[in-house]
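# Pasting the sequence and the predicted model now:
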Amino acid sequence: MAWTNDEMCRIAADMEIRDGLFVNLGIGMPTNIPNYIPTHIKVCFQSENGMLGMGPFPYPGEEDADLINAGKQTITSLPESSFFDSASSFAMIRGGHVDLTILGALEVSHNGDLANWAVPGKMIKGMGGAMDLVANIKRVVVLMSHNSKDGSPKLVDKCSLPLTGAGVVDRVITELGVFDIRDNKMYLVKKPNDVSFEEIVNKSSAQVVDNVG
Amino acid sequence: MTQIYQTAYEAIRDVIKDDMLIHAGGFGLCGIPENLISAIAKSGAKNLTIVSNNCGVDDFGLGILLQNGQIKKMISSYVGENKLFEQKYLDGSLELELNPQGTLAERIRAGGAGIPAFYTKTGVGTMVADGKEVKEFDGQKYIMERGIFADLAIIKGDKADKFGNVIYNKTARNFNPMMATAAKITICEVEEIVEIGKLDPDNIHTPAIFIHRLVQGKNYEKRIEKVTNRHPAACT
């Protein structure tokens, strides 16, 4: 059986989160990753709207309208938190000081191109901070569903949608597997026990190589 | 020197005009100049080009000016929270220039800092690079982006002293400090104006030189877009 969203987040936490990292999490599924980080591992979350050291969501009744994350959700601060303006925030990102970003996508190609901000004629929400994040952060990991709602593949040989970044993605995690991107190929490194390699290949149009243990 | 006004409308009345380029502070609904936005709505000024990270929601923040038909063009990084915006853009009645958020932040900072243009890796290989100069430094491509200096900036702070020094609160800071520096006229609304000497000089976020007009705002709604909670562990 394919992994659940919770299992995907736990795998992302296990495989990517290391002690001492500064991490930026994209809106949607990645915001659940902190729930799966063991308490002895200390990471620091950067929120691109101007905060370092993002705390958990507040208890009901303790929300502060002046304290939100990049997805506009209410959050809390920690003793080690700091606040700064948006230019300083993106200087932190663009200047190479953030170690890792985990975000969602509409399409990822096997040479690491990422599309996640527009569907021409239908959805034009805007790129927000995504282009800055993927162009300038050393390690970029995508956490997403393997296929769109209509069944089309999201791991593709070439992105059909407007790009967020070219050649930027290092790893993709879907409900069907973990894929490392290098040499213009996707290397499957981990998959759910009873999902076959054939099923993964059939549901992708990218070139996938079986590299599981 | 900073002039203090009694109401947001009085602060804006003799400077707001049609066709202006306006910086509006805030991230989503956080740190938005609520009173100054209402004042612009009241003025009826139209054909405005507004630089702001977002466009509020349908019935609050900059969404009010959108509903009134006062906005000709937005320069923003994300407009997804506003259904009317998407509709007006897709049917051609609203111009939109999307900038990556970091590029937008730096364009405003550069505009206020006398930097006419800068280079950034953000957007290389995407539509953002279309029509722009691309230059290589140390084997890496960068896009040239221009600074933005506006006719007017409307911003929101937490406290100001009567000299015009401003401090912000938490993530309500966001675009406000850069915008304060990057306009011919900057009008700042704050929740409280205090006596000179009450703010610590070491902890001033925006020095008074940038604040032309100051007003203490009233009746802040401070709406929260996405109330998100964690829940205490259930007891069994």
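Sure thing, it's come through.

# all strands of chain A, in order?
Counting by DSSP state E, chain A has strands at residues A:22-25, A:44-47, A:51-54, A:77-83, A:100-103, A:107-109, A:114-115, A:139-143, A:155-156, A:171-174, A:177-182, A:185-190, A:208-210.

# quick one: which of those is nearest B:Pro33?
Taking C-beta to C-beta, strand A:77-83 is the member of the strands of chain A nearest to B:Pro33, at 18.6 Å. Any C-beta I mention is one placed from the backbone N, CA and C, and that applies to glycine too.

# Could you pull up phi and psi at B:Ala153?
Main-chain dihedrals, B:Ala153, degrees, to the nearest 10: phi -120, psi 130.

# Pull the contacting residues for the nearest residue to it once chain neighbours are set aside.
Computed as C-beta to C-beta, 6 or more residues apart in numbering or on different chains, the closest residue to B:Ala153 that is not its neighbour in sequence is B:Ala183, at 3.6 Å. Neighbouring residues of B:Ala183 by C-beta atoms under 8 Å, 6 or more residues apart in numbering or on different chains: B:Ile22, B:His23, B:Gly112, B:Phe149, B:Ala150, B:Asp151, B:Leu152, B:Ala153.

# what about B:Asn35, is that helix, strand or coil?
helix (DSSP: H, G, I helix; E, B strand; the rest coil).

# so it sits right up against B:Lys218, yeah?
Yes. The criterion here is C-beta atoms under 8 Å, and B:Asn35 meets it with B:Lys218 at 6.4 Å.

# So these two - more neighbours on which side?
The neighbour comparison of B:Asn35 against B:Lys218 (other C-beta atoms under 10 Å in any protein chain shown) goes to B:Asn35, with 22 against 12.

# can you pull the pLDDT of that one?
We have a pLDDT of 98 for B:Asn35.

# Relative to B:Ala11, how far out is it?
As judged by C-beta to C-beta, to the nearest Å, B:Asn35 and B:Ala11 stand 9 Å apart.

# ok, now B:Asn53?
On the measure of C-beta to C-beta, B:Asn53 and B:Ala11 end up 23 Å apart.

# which of the two has more neighbours?
B:Asn53 (28 against 25).

# Tell me how many other residues crowd the residue lying closest to A:Leu176 once chain neighbours are set aside.
Spatial nearest neighbour of A:Leu176, chain neighbours left out: A:His146 (4.6 Å); criterion: C-beta to C-beta, 6+ apart. A:His146 has 21 neighbours, counted by other C-beta under 10 Å.

# which ones are touching A:His146?
Shown in contact with A:His146 (C-beta under 8 Å, 6+ apart): A:Ala2, A:Pro153, A:Lys154, A:Leu155, A:Thr174, A:Glu175, A:Leu176, A:Gly177, A:Ile200, A:Lys203, A:Ser204.

# Then A:Ala91?
By C-beta under 8 Å, 6+ apart, the residues touching A:Ala91 are B:Glu106.

# Pick out the residue closest to the middle of chain B.
Centroid-nearest residue in chain B: B:Gly25, 2.2 Å away (criterion: C-alpha atoms, centre = their mean).

# OK, contacts around it?
So B:Gly25 contacts B:Gly31, B:Ile32, B:Pro33, B:Ser52, B:Ala153, B:Ile154, B:Ile155, B:Lys156, B:Asn174, B:Phe175, B:Asn176, B:Met179 (C-beta under 8 Å, 6+ apart).

# next one: A:Leu78
When contacts are counted by C-beta under 8 Å, 6+ apart, A:Leu78 touches A:Gly53, A:Met54, A:Gly55.

# pLDDT wise, what is it at?
As predicted, A:Leu78 sits at a pLDDT of 96.

# re earlier: ranking the strands of chain A by burial, who's on top?
Mean neighbour count (mean count of other C-beta atoms under 10 Å in any protein chain shown) peaks for strand A:107-109 among these, with a mean of 26.

# what about that one, near chain B?
No. Using C-beta under 8 Å from any C-beta of the partner chain, strand A:107-109 stays clear of chain B, with a minimum separation of 11.8 Å.

# tell me what that strand is packed against?
With contacts defined as 3 or more C-beta pairs under 8 Å, 6 or more residues apart in numbering or on different chains; DSSP states H and E, strand A:107-109 has these neighbours: strand A:114-115, strand A:155-156.

# The first one packs against which elements?
Meaning strand A:114-115. The elements that strand A:114-115 packs onto, with contact taken as 3+ C-beta pairs under 8 Å, 6+ apart, are strand A:107-109.

# now B:Arg146, nearest residue through space, not along the chain?
Leaving aside its sequence neighbours, B:Arg146 sits nearest to B:Ala117 (C-beta to C-beta, 6+ apart; 5.2 Å).

# Now do stretch B:55-67: distance to the chain's middle.
Here stretch B:55-67 shows a centroid-to-chain-centroid distance of 13 Å under the convention C-alpha atoms, centre = their mean, to the nearest Å.

# likewise stretch B:127-144?
Remark: stretch B:127-144 is offset 26 Å from the chain centroid, using C-alpha atoms, centre = their mean.

# how long is that stretch from one end to the other?
End-to-end distance of stretch B:127-144 (C-alpha to C-alpha, to the nearest Å): 14 Å.
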